[in-house]
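[1] For reference, the sequence and a predicted model appear below.
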Amino acid sequence: MNKKITVVQVGCGSISKTWLQILTSRDDILYVGLVDINIDMAISKKNEFHLTCDVFTNYKEAIDLLKPDLVIDTTIPKIHHQVVTYSLKAGCHVFGEKPLSDSMANAIDMVKTADKMNRYYSIMQNRRYINNIATFKSIITDSKIGELGSLNADFYIEAHFGGFRDVIKSPLILDMAIHTFDQARYISKCDPISVYCHEFNPKGSWYKGNASATCIFEMTNDVVFTYNGSWCAKGALTSWECNWRAMGNLGAAIWDGKTRPFYEIVSSNDKTSMFPNNYDQLYLETKASTLEYHQGCIDEMLSSLKSKQPSSTDCHDNILSLAMVMGAIKSSKEKRKVLISELL
């Protein structure tokens with residue numbers, strides 16, 4: 001793929017701007033179409049980014065007429081299945097916003113369609129592309145704390161969104177936890193086996209649905225991942241990237257989602273104590289990259305596409321992160337431990 005990659009973007013809402021800012025700054029991308037059911041939204045984005053492309057209200061018409069190399073899906077989750085499968089069947093590769101889909105049945109169909117059409121479908125998971133999370137992961141994968149036994153993420157944010165999040169049944173798990181669950185897979189290099197989830201809506205919540213949850217995941221390699229989260233927290237808030245603790249058989253690693261991660265191992269002069277409390281606090285050199293968040297993920301997606309290799313957020317991998325979300329919701333609803341194999 002030496003020529004410019006021709007692009008049609010479907011969905012011109014708020015998240016579309018992030019994609020447009022990144023893609024229009026690249027010299028290997030050529031926008032040929034923008035699509036939104038509200039034509040004024042498409043025209044607005046076209047003018048804002050000084051594009052000369054066509055605008056449409058119907059994505060099928062745009063794809064059939066323009067035959068782009070790549071479709072960018074920045075629609076709402078319940079539309080992902082129809083946009084992505086149509087694009088794949090039309091011979092286009094697809095990059096899309098999270099989550100992969102709004103249901104496991106649709107997600108499985110999307111992956112099967114990508115296979116059948118021999119096209120790539122990659123999903124935005126921008127939290128993988130943070131220098132500090134890469135450093136935190138290295139502490140674990142380089143065995144600085146020995147063999148990983150457990151991983152914990154705490155997420156406490158006060159979020160007054162308004163709109164659909166205030167009225168859906170599982171706003172935290174359905175709309176936000178995909179980030180944390182995918183981070184956990186990335187950090188641990190483990191995949192989910194089972195989940196037990198308890199969702200609840202604490203006193204003072206302004207959400208109609210359950211805005212808080214506790215989850216316990218059994219992962220491969222005998223790792224346990226626990227998640228505690230709330231979107232209606234008051235005080236002592238975490239970062240949007242969570243507070244993380246990884247426990248190994250030799251020590252612990254900590255990342256607050258904002259500052260430099262570190263790890264602790266017991267000091268050599270305290271190893272024989274009944275209750276060791278003298279630990280050496282150590283740091284790895286920070287993983288440095290000029291491209292983080294959406295920019296880092298999009299760059300890797302495009303590099304993978306050009307080399308005809310699946311990206312790290314390819315649909316075949318990402319469906320496991322979605323399964324963690326859907327498994328957690330199923331567990332909460334049915335009040336039981338759910339095996340991830342039930343969903344796939």
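    Thanks, I have the structure now. Numbers count the residues shown, from 1 in each chain.
[2] Could I get the average pLDDT for stretch 204-211?
    Average pLDDT, stretch 204-211: 96.
[3] what comes up buried for it?
    Under the neighbour-count criterion of 16 or more other CB atoms under 10 Å, stretch 204-211 has 205, 207, 209, 210, 211 buried. Every C-beta, even on glycine, is put in place using the N, C-alpha and C of the backbone.
[4] For these, give me a markdown table that also has distance to residue 149 and secondary structure.
    Below are the buried residues of stretch 204-211 laid out as a markdown table (distance: CB to CB, whole Å; DSSP: H, G, I helix; E, B strand; the rest coil):
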| residue | distance to residue 149 | secondary structure |
| --- | --- | --- |
| 205 | 33 | coil |
| 207 | 34 | coil |
| 209 | 33 | coil |
| 210 | 29 | coil |
| 211 | 30 | coil |
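[5] In this structure residue 92 contacts residue 66, no?
    No - look at residue 92 against residue 66 with CB atoms under 8 Å: they stay out of range, at 9.8 Å.
[6] Among those two, which residue is more densely surrounded?
    More crowded of residue 92 and residue 66, by other CB atoms under 10 Å: residue 92, with 23 against 17.
[7] residues contacting that one?
    Residue 92 makes contact with 8, 63, 67, 68, 69, 70, 71, 119 under the criterion CB atoms under 8 Å, 6 or more residues apart in numbering.
[8] Helices of this structure, start to end?
    For the chain, applying DSSP state H gives helices covering 16-23, 39-48, 59-66, 77-89, 104-117, 131-141, 171-175, 177-188, 293-306, 315-334.
[9] Can you tell me which helices and strands the helix or strand of the chain with the lowest mean pLDDT packs against?
    Every helix and strand of the chain was ranked by mean pLDDT, DSSP states H and E. The lowest is strand 279-282, at a mean of 88. Counting contacts by 3 or more CB pairs under 8 Å, 6 or more residues apart in numbering; DSSP states H and E, strand 279-282 is packed against strand 262-266.
[10] Name every strand pairing with the strand it packs on and say which way it goes.
    Strand pairing for strand 262-266, determined by DSSP bridges: strand 251-255 (antiparallel), strand 279-282 (antiparallel).
[11] Single out the most deeply packed of those strands.
    Comparing the strands paired with strand 262-266 by mean neighbour count (mean count of other CB atoms under 10 Å), strand 251-255 comes out on top with a mean of 21.
[12] and the angle from it to helix 177-188?
    Relative orientation of strand 251-255 versus helix 177-188 (axes from the mean of the first three to the mean of the last three CA atoms, to 10 degrees): 140 degrees.
[13] confidence score at the closest residue to residue 295 other than its chain neighbours?
    Distance criterion CB to CB, 6 or more residues apart in numbering; nearest residue to residue 295, sequence neighbours excluded, is residue 22 at 5.3 Å. Residue 22 is assigned 98 on the pLDDT scale.
[14] Confirm for me that residue 22 is in contact with residue 297.
    No - under the criterion of CB under 8 Å, residue 22 is not in contact with residue 297, lying 9.4 Å apart.
[15] Looking at the two, which one has more neighbours?
    The residue with more neighbours, out of residue 22 and residue 297, is residue 297; 24 against 19, by other CB under 10 Å.
[16] Kindly provide the distance from the more buried one to residue 119.
    Per CB to CB, to the nearest Å, residue 297 is found 19 Å from residue 119.
[17] Please apply the same query to residue 32.
    Residue 32 sits 18 Å away from residue 119, going by CB to CB.
[18] intersection of neighbour lists for residue 92 and residue 66?
    When contacts are counted by CB under 8 Å, 6+ apart, the set common to residue 92 and residue 66 consists of residue 8.
[19] check contacts around the nearest residue to residue 282 once chain neighbours are set aside.
    Spatially, and ignoring its direct neighbours in sequence, residue 282 is nearest to residue 263 (5.6 Å; CB to CB, 6+ apart). Contacts for residue 263 (CB under 8 Å, 6+ apart) come out as 139, 144, 145, 251, 252, 253, 254, 281, 282, 283, 284.
[20] ok, those residues vs residue 162, which is closest?
    residue 254 (34.2 Å; CB to CB).
[21] How about the closest one: which residues does it bridge to?
    Per DSSP bridges, residues listed as beta-bridge partners of residue 254: residue 245, residue 262.
[22] pretty sure it is touching residue 262, no?
    Yes - with contacts counted by CB under 8 Å, residue 254 reaches residue 262, the gap being 5.9 Å.
[23] Could I get the buried residue list for stretch 123-130?
    For stretch 123-130, the neighbour count (16+ other CB under 10 Å) marks 123, 124, 125, 126, 127, 128, 129, 130 as buried.
[24] typo on my end, it should be stretch 103-111
    By 16+ other CB under 10 Å, the buried positions in stretch 103-111 come out as 103, 104, 106, 107, 108, 110, 111.
[25] of these, closest to residue 53?
    Ranked by distance to residue 53 (CB to CB), these are led by residue 110 at 25.7 Å.
[26] how much space between the closest one and residue 82?
    Residue 110 is 10 Å from residue 82, by CB to CB.
[27] where does this protein have low pLDDT?
    Low-confidence segments of the chain (pLDDT under 70): 1-2, 269-273, 289.
[28] check contacts around the closest residue to residue 101 other than its chain neighbours.
    With CB to CB, 6+ apart as the criterion, residue 101 has its nearest non-adjacent residue at 4.1 Å, and that residue is residue 107. For residue 107, the contact set (CB under 8 Å, 6+ apart) comprises 81, 100, 101, 315, 319, 322.
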